[in-house]
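In: sharing a model that was predicted from the sequence below.
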Amino acid sequence: MNVTLHLTDDTELRAHGFVAPSGLFAEVHWDFPIPGSRLGEGTLWGTPEMMRRLAELAVQAAVQAEEEAAWHARQRATTALTEGAQVA
């Protein structure tokens, strides 16, 4: 399976759980319009355990992205200070 999902701050997400003959399922539903396509909605579903694991990994990835951005900002600031000191 290959899934590509691009979420923005204005992507609306909705969630619910349901019981199927084969067990419990959790579902996340979103509306993300694809230009030039009639398809604009998506659904991700799985067992509650797998959806919780996915949520844990999403949080971990978000924290890592924030830490990476902060590291790059510090590097740029340090480089700018160092280069500024050499020019002065």
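Out: Perfect, thanks for sending it. All values derive from a computational prediction rather than experimental measurement. Numbers count the residues shown, from 1 in each chain.
In: and residue 79, backbone torsions?
Out: Listed backbone geometry of residue 79 is phi -60, psi -40, with angles given as degrees, to the nearest 10.
In: list the contacts for residue 13?
Out: Residue 13 makes contacts with 7, 28, 29, 30, as judged by CB atoms under 8 Å, 6 or more residues apart in numbering. From N, CA and C alone the C-beta is placed, and that goes for glycine too.
In: and the next helix or strand past the helix or strand it falls within?
Out: Per DSSP states H and E: residue 13 is located in strand 12-20. As assigned by DSSP H and E, the chain's next helix or strand after strand 12-20 is strand 23-31.
In: what residues does that following strand touch?
Out: Here strand 23-31 makes contact (CB under 8 Å, 6+ apart) with 5, 7, 11-19, 40-48, 51.
In: could you redo the last one with a cut-off of 10 Å?
Out: The contact list for strand 23-31 (CB atoms under 10 Å, 6 or more residues apart in numbering) reads 5, 7, 11-19, 40-52, 54-55.
In: right, and the helix or strand after it?
Out: Heading C-terminal from strand 23-31, the first helix or strand you meet, by DSSP H and E, is strand 41-46.
In: isn't residue 44 up against residue 14?
Out: No: between residue 44 and residue 14 there is no contact under CB atoms under 10 Å: 11.3 Å.
In: which one of the two has more residues nearby?
Out: residue 44 (15 against 10; other CB atoms under 10 Å).
In: for the residue nearest to the more buried one when sequence neighbours are not counted, grab the count of nearby residues.
Out: Sequence neighbours aside, residue 28 is the residue nearest to residue 44 in space, at 4.8 Å (criterion: CB to CB, 6 or more residues apart in numbering). Neighbourhood size, residue 28 [other CB under 10 Å]: 17.
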